[in-house]
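J.: Next one to model:
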Amino acid sequence: MGNRIFIAINFPKNIREKLYRTKDEYLDLPCKWTRRDNLHLTLFFLGNLKDEEVLATCQTVEEIGKKHSPFTLELNNISFGPPKKMPPRMVWANGLPSKELTSLKNDLENSLYEKVPAEMNEENHAFSPHVTLARIKEWQLKQMEIEEIPIIDKDINLKILVSSIEVMASELKKEGPEYTVLASIGLSFT
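T.: As a prediction, the model looks like this:
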């Protein structure tokens with residue numbers, strides 16, 4: 001079957017904790033909250049790769065890391081996601097696009113599309129930087145009266161120094177996905 005691989009920005013413990021505490025404000029929302037240690041921002045999802053493709057991916061990401069400097073990522077809002085999707089499917093922490101983040105995402109996309117079959121890249125449509133905080137249990141949400149559904153639109157102000165990106169493996173388990181860092185690549189352009 002291969003390895004489910006994606007490229008991500010992981011967060012320090014204090015940022016993961018702040019994002020995780022969001023669940024305390026929406027106890028009545030029927031959803032499955034992302035485990036604290038799994039909170040990240042996905043830059044590029046590759047799908048199921050063979051071992052040799054994983055190795056090539058790590059090498060490519062390392063080359064890209066050398067072309068980019070550390071930058072600040074800003075998370076500014078918590079809302080339902082994706083935007084305008086009804087009923088909502090997730091709770092997101094939205095990030096502000098920046099030229100550094102967009103450039104990094106584009107470099108990853110352009111370099112990795114050459115190495116990964118296109119059919120594995122369905123999740124890489126229009127990039128909207130976000131962190132998935134929870135997945136809505138749609139059938140339970142539909143059972144709620146419209147006035148019972150909380151409005152989620154909360155401003156936050158989290159700034160994260162992004163000095164590395166990670167090649168991650170995802171193993172789907174009954175209790176939820178388990179992520180493993182395969183390679184952590186420092187951003188080192190000076």
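J.: Now do the helix or strand of the chain with the lowest mean pLDDT: distance to the chain's middle.
T.: In the chain, no helix or strand scores lower on mean pLDDT, DSSP states H and E than helix 138-143, which sits at a mean of 86. Put simply, helix 138-143 sits 25 Å off its chain's centre (C-alpha atoms, centre = their mean, to the nearest Å).
J.: Residues contacting it, please?
T.: Residues from elsewhere that reach helix 138-143, judged by C-beta atoms under 8 Å, 6 or more residues apart in numbering: 30, 87, 88, 89, 149. Using the backbone N, CA and C atoms, a C-beta is placed for each residue, glycine as well.
J.: Out of those, which two sit at the greatest distance?
T.: 89 and 149 (13.4 Å; C-beta to C-beta).
J.: Tell me what residue 10 is bridged to.
T.: residue 40 (DSSP bridges).
J.: Report the buried members of the contacts of helix 138-143.
T.: Buried by 16 or more other C-beta atoms under 10 Å: 30, 88, 89, 149, out of the contacts of helix 138-143.
J.: who's in contact with the first one?
T.: This means residue 30. 136, 137, 140, 141, 144.
J.: Kindly indicate which of the residues you listed lies nearest residue 75.
T.: Looking across the contacts of residue 30 and measuring by C-beta to C-beta, the closest to residue 75 is residue 136, at 19.7 Å.
J.: and the closest one, how far is that from residue 174?
T.: Taking C-beta to C-beta, to the nearest Å as the measure, residue 136 falls 20 Å from residue 174.
J.: Residue 75 is in what secondary structure piece?
T.: strand 71-81 (DSSP states H and E).
J.: Which pLDDT value goes with the residue located most distally from the centre of the chain?
T.: Here the chain reaches farthest from its C-alpha mean at residue 145, the gap being 30.5 Å by C-alpha atoms, centre = their mean. If you check residue 145, the pLDDT there is 85.
J.: what separates it from residue 39, distance-wise?
T.: Distance of residue 145 to residue 39, given as C-beta to C-beta: 31 Å.
J.: For the nearest residue to residue 158 once chain neighbours are set aside, list the residues it contacts.
T.: With sequence-adjacent residues excluded and distances taken as C-beta to C-beta, 6 or more residues apart in numbering, residue 158 is closest to residue 75, at 4.2 Å. Contacts for residue 75 (C-beta under 8 Å, 6+ apart) come out as 19, 93, 94, 95, 96, 131, 156, 158, 160.
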